[in-house]
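Visitor: pasted the sequence and its predicted model underneath.
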Amino acid sequence: QVQLAESGGGLVQAGGSLRLSCAASGRTFSNYAMGWFRQAPGKEREFVAGINWGGDITSYSDSVKGRFTVSRDNAKNTVYLQMNSLQSDDTAVYYCAASLRYIGSNLSRDFVQYWGKGTLVTVSS
């Protein structure tokens, strides 16, 4: 089992920044590819960013590319999502995900082994 706990969400004005963290506990963190998804009210959960086991390969959705950066610290069992130039469309609950397969698109939802409970990000315009 892997337990994931997100933190860092909150209310921010458009154009601002937030950094989300996801702390993992349980099985060996470095065995898992990690990712971030988000779900806005009335919408499906969508892929945001993914990072491989070593942290040297990343993927982003088109809507966040150039604004968000995913990273991980295997020594701290933590993955991060730095979010800059936030827009009202970024308002959603953000979920951390762990998988034995690389998380790189919406299709990755089907093989996520573990999900966090989510953290709410609200961007005011």
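Guide: Yep, it's here.
Visitor: residue 67 and residue 20, how far apart?
Guide: Taking Cβ to Cβ, to the nearest Å as the measure, residue 67 falls 13 Å from residue 20. C-betas here are computed from N, CA, C, even on glycine.
Visitor: residues touching residue 78, list them.
Guide: 21, 22, 23, 24, 72 (Cβ atoms under 8 Å, 6 or more residues apart in numbering).
Visitor: for the residues you listed, which one is nearest residue 86?
Guide: Using Cβ to Cβ, residue 21 comes nearest to residue 86 of the contacts of residue 78, at 16.5 Å.
Visitor: same question for the helix or strand hosting that closest one: list its buried residues.
Guide: Element membership for residue 21 (DSSP states H and E) is strand 18-26. By 16 or more other Cβ atoms under 10 Å, the buried positions in strand 18-26 come out as 18, 20, 21, 22, 23, 24.
Visitor: using CSV, list the CA coordinates for it.
Guide: C-alpha atoms of strand 18-26 as CSV (Å, rounded to 0.1, in the frame of the first residue of the first chain):
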residue,chain,number,x,y,z
LEU,A,18,1.1,28.0,-5.6
ARG,A,19,3.2,24.9,-4.9
LEU,A,20,1.5,21.7,-4.2
SER,A,21,3.2,18.9,-2.4
CYS,A,22,2.4,15.2,-2.2
ALA,A,23,4.0,13.1,0.6
ALA,A,24,4.0,9.4,0.1
SER,A,25,4.3,6.7,2.7
GLY,A,26,4.3,2.9,2.6
